[in-house]
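A.B. asks: test case, fold it:
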Amino acid sequence: MSLTAPDSIVDRLPVMQLLERLPPRRRAVLVLRYCCDLSIDQTARALGCSPGTVKSQSARALATLRTLSAPASL
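C.D. replies: Model prediction:
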């Protein structure tokens, strides 16, 4: 039996560390959208904001995660 299941704690740890580096609102948007699988409208209602805010915060959060997770260039 292998301990390398796709959703093992080892696989999630780097993602959790990256999420911790986001501002709370952006982190909440990503968690609700992609971990809790809420729609844009459901996320907006949960956070008390507009769907446009969910979209912009999601885009900014994902851009930040891409930057933070990119390998350092030499």
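A.B. asks: for the residue nearest the centre of the chain, phi and psi?
C.D. replies: Of all residues in the chain, the one closest to the mean position by C-alpha atoms, centre = their mean is Leu30, 3.5 Å from it. When read as degrees, to the nearest 10, the backbone of Leu30 gives phi -60, psi -40.
A.B. asks: am I right that it is in contact with Arg21?
C.D. replies: No. Look at Leu30 against Arg21 with C-beta atoms under 8 Å: they stay out of range, at 11.8 Å. Yep, even glycine has a C-beta here, placed from its N, CA and C like the rest.
A.B. asks: list the helices and strands the longest helix along the chain packs on?
C.D. replies: Longest helix in the chain by number of residues (criterion: DSSP state H): helix 51-69. Applying 3 or more C-beta pairs under 8 Å, 6 or more residues apart in numbering; DSSP states H and E, one finds that helix 51-69 contacts helix 9-20, helix 24-30, helix 40-47.
A.B. asks: comparing these, which comes out most buried?
C.D. replies: Most buried of these by mean neighbour count (mean count of other C-beta atoms under 10 Å) is helix 24-30; its value is a mean of 18.
A.B. asks: and that one, what's its mean pLDDT?
C.D. replies: The pLDDT scores in helix 24-30 average 96.
A.B. asks: what's in contact with it?
C.D. replies: 19-20, 22, 43, 47, 54, 57-58, 60-62, 64-65 (C-beta atoms under 8 Å, 6 or more residues apart in numbering).
A.B. asks: and of those, the nearest to Arg12?
C.D. replies: Leu19 (9.8 Å; C-beta to C-beta).
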